[in-house]
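With the sequence up front, the predicted model follows.
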Amino acid sequence: MRLNGVLIDDTFAEAFPMLGTRLVITADTPAWVQAAVVSMTGFATSVIACGCEAAMERVLPFDETPDSRPGAAVLLFAMSKAELAKQVARRVGQCVMTCPGTACYAGLREGSVIPLGNALRYFGDGWQIAKRIGGRRYWRIPVMDGEFLCEAATAAVEGVGGGNFIILAADRCSGLAAAQAAVLAIRNVPGAILPFPGGVVRSGSKIGGKYKGLIASTNTAFCPTLRAAAPASLVPEGVESILELVIDGVSEAAVAAAMRAGIAAVAELGAAGGVVSVTAGNYGGKLGRYQFRLHEVMA
Amino acid sequence: MSGVVLTTRDPAGPPIDMTGVLPERLAEGGREALAGLMLVRGRGRHRLDALFAMEDGGPFGALILRPGGAVLDGVGTGMTAGDIRVEGDCGAYLGSAMRGGTLTVEGNCGAFAAAGMAGGSLRVLGDAGDFLGAPLAGGTRGMSGGSVLVMGNAGDRVGERMRRGLIAVHGRVGRLCGARMIAGTVVVGAGCGPDAGQAMRRGSILLPQAPDAVPSGFVDGGMNDWLFLDLMRKELIDGGAWPSGFSTAGTRARRLIGDRSAGGIGEVLILGEA
């Protein structure tokens, strides 16, 4: 398949189930929302070493937040419910509760329950107050600028992690431009996030490596500098830069929609924009339950 | 099939104990089951259809009561589902031990309304008596869930020993509002008598201005912004329960913390000083 001169490889992205939740963070100003979100989603790029994958899903206008203040929706994904609960408690406790003026609410209602304020309330040292409003339970935890209002629990749903596509570009500048265009397009897709820095991964990995105990190592097949030396290189002539976009979503449909939006944005730049082809990372179907075939996604 | 309208045949007689006259009984056994219920009135026990004229009316599955001046005690006692509407005044124990459903009284009600209530929605368009949401006789905890809205005034000891849930009174309440409260929320639109929050342990009492007299165990926590008030306001405005005397914006209020003499960390929030 070719779109605007860009070859779309006949392959699939291999993804796997993860547990995910959505949190809504509000504050007095958009800048403080941003501060809390950036802090909370920091070092949450890959479950390989971070415990969870997280990013802002979208900015919420004041009329979409529970307390009518500026806010943002954040998605967090982990490999188990216990790990997700641990990461939620740690990150909200250390990065949202500490941020001036913030409040934190559950962004999902249906699913298995994981503690949110219930895990943080003891910080109130006995002065915390529970309040049930509109059928939902909140904790009011006294803090130095007033009160941290936090919904008692949130819901975890089975999501999809590791959706991806890989951009092969003629040079680093055109590869970066294509990746950034894809990021902008994907950020408009509800229910999906790009957990890596700026939404882009340059150090795509393969499973294992030559060194004992290494979980992952650089994806030599997609390293342009190793084209002449690495076995089974997948880098064609004329490609100097390869970037990957990794997508987590609350559903298979959300990941597919994000991939479609991202690949379409890349293809729009076309061969004239230095994009050679788009492919996807998979492990022969051995890693995950979900397979997103690029041709089907773009059909 | 419509609901059933019960009209009192002899309004001048002694109070009728309405315990057991519930929409769920109508749903399970139909109109016949309802008609055969034995009710206590004065010293006697009577079939329901001897005390009330029964006719079809109202929405499906609902009970509509027309007391016509008779005192009906215990309306909606133990109710778990469905809809009861009282077109007139009620006696005592309205919605006591109620666990679900909706109960609306177009007039006034007596003492111990919502006593021991655990769920559902109770709405009184007139006034309520003393011990609204208080414990049932012998109980140690008052209302433990659900919501109560009184459009008029209420008597003394509103929310006594209340454990959970919400009581919103648009008018004024008597003395000892929220006394010995354990948790939950009482919203009063037009002020309350003395000693609000006496011996309260937790919970919130929202007032438009400081009560006539605050128990000595309360300390002034000063003014601050309370974000939960915004959520509560929206919830109550949507349900028509936000007292008209309160502001429709802002989260600022003065907080009195107490009752420290009982080891309590409850709060009386005064919204009118913001």
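That came in fine, so what should we check first? Numbering: from 1, shown residues only, chains lettered A, B, ... in the order given.

contacts and neighbour counts: CA atoms only from here.
Fine.

Around chain A, pick out the residues from chain B.
Contact residues (CA under 8 Å from any CA of the partner chain) of chain B with chain A: B:165, B:184, B:202-203, B:224-228, B:230-232, B:235, B:265.

out of those residues, which are inside strands?
B:165, B:224-225 (DSSP state E).

The lowest-mean-pLDDT helix or strand in chain A: partners in the sheet, and parallel or antiparallel?
Lowest by mean pLDDT, DSSP states H and E among the helices and strands of chain A is strand A:205-207, with a mean of 88. The sheet places strand A:205-207 alongside strand A:216-218 (antiparallel), with pairing taken from DSSP bridges.

Tell me which stretches of the stretch 151-299 of chain A form helices.
Per DSSP state H, counting those that start in this stretch, the stretch 151-299 of chain A carries helices over the ranges A:172-186, A:252-269, A:294-297.

for those helices, which one sits closest to residue B:273?
helix A:172-186 (47.5 Å; CA to CA).

Who are the packing partners of the top strand by length along chain A?
Assignment by DSSP E gives strand A:153-169 as the longest strand of chain A. Counting contacts by 3 or more CA pairs under 8 Å, 6 or more residues apart in numbering or on different chains; DSSP states H and E, strand A:153-169 packs against strand A:12-26, strand A:103-106, strand A:112-115, helix A:172-186, strand A:241-249, helix A:252-269, strand A:275-279.

Residue A:131: which of the helices of the stretch 151-299 of chain A is closest?
That would be, of the helices of the stretch 151-299 of chain A and by CA to CA, helix A:252-269, which comes in at 34.0 Å.

between the closest one and strand A:12-26, how big is the angle?
Between the axes of helix A:252-269 and strand A:12-26, defined by axes from the mean of the first three to the mean of the last three CA atoms, to 10 degrees, the angle is 100 degrees.

just to revisit the earlier point, how far out from the middle of the chain is the least confident helix or strand of chain A?
The chain centre lies 18 Å from the centre of strand A:205-207; the measure is CA atoms, centre = their mean, to the nearest Å.

contacting residues for residue 38?
Here I'm looking at chain A. Applying CA atoms under 8 Å, 6 or more residues apart in numbering or on different chains to residue A:38 gives no contacts.

let's do chain B instead
Going by CA under 8 Å, 6+ apart, residue B:38 touches B:45-48.

What is the nearest of the residues you listed to chain A?
Nearest to chain A among the contacts of residue B:38: residue B:48, at 36.2 Å, using CA to the nearest CA.

Tell me, how many residues neighbour that closest one?
By other CA atoms under 10 Å in any protein chain shown, 22 other residues sit near residue B:48.

That one reaches residue B:41, doesn't it?
No: if you go by CA atoms under 8 Å, residue B:48 and residue B:41 don't touch, sitting 10.3 Å apart.

in the stretch 101-250 of chain A, which segments are predicted with low confidence?
Residues of the stretch 101-250 of chain A meeting the criterion pLDDT under 70: none.

how about the residues of it near chain B?
A:127, A:129, A:131-134, A:140, A:146-147, A:149.

Pull out the buried members of these.
Buried members of these, counted by 16 or more other CA atoms under 10 Å in any protein chain shown: A:127, A:129, A:131-133, A:140, A:146-147, A:149.

Let me know the closest of the residues you listed to chain B.
residue A:133 (6.0 Å).

how near is that closest one to residue A:150?
12 Å (CA to CA, to the nearest Å).

do the same with residue B:92
39 Å.

repeat for residue A:276
48 Å.

who's more crowded, those two?
The neighbour comparison of residue A:276 against residue A:150 (other CA under 10 Å) goes to residue A:150, with 28 against 25.

For chain B, which helix or strand comes out least confident on mean pLDDT?
helix B:23-35 (a mean of 90).

Could I get the average pLDDT for the next helix or strand along the chain from it?
Sequence-wise, the next helix or strand downstream of helix B:23-35 (DSSP states H and E) is strand B:38-41. The pLDDT scores in strand B:38-41 average 96.

Then stretch A:75-85?
97.

which of the residues in it are buried?
Neighbour count says stretch A:75-85 has A:75-81, A:84-85 buried, by 16+ other CA under 10 Å.

Now do it: distance from first to last residue.
13 Å.

Can you give the contact residues for that stretch?
Residues from elsewhere that reach stretch A:75-85 (CA under 8 Å, 6+ apart): A:17-23, A:47, A:51-57, A:88, A:114-116, A:156, A:159, A:161, A:191-193, A:248.

Please indicate which of these are buried?
A:17-23, A:47, A:51-57, A:88, A:114-116, A:156, A:159, A:161, A:191-193, A:248.

Next, the nearest residue in space to residue B:90 that is not next to it in sequence: secondary structure please.
The shortest distance from residue B:90 to any residue other than its chain neighbours is 4.6 Å, reached at residue B:109 (CA to CA, 6 or more residues apart in numbering or on different chains). Here residue B:109 is recorded as coil under DSSP: H, G, I helix; E, B strand; the rest coil.
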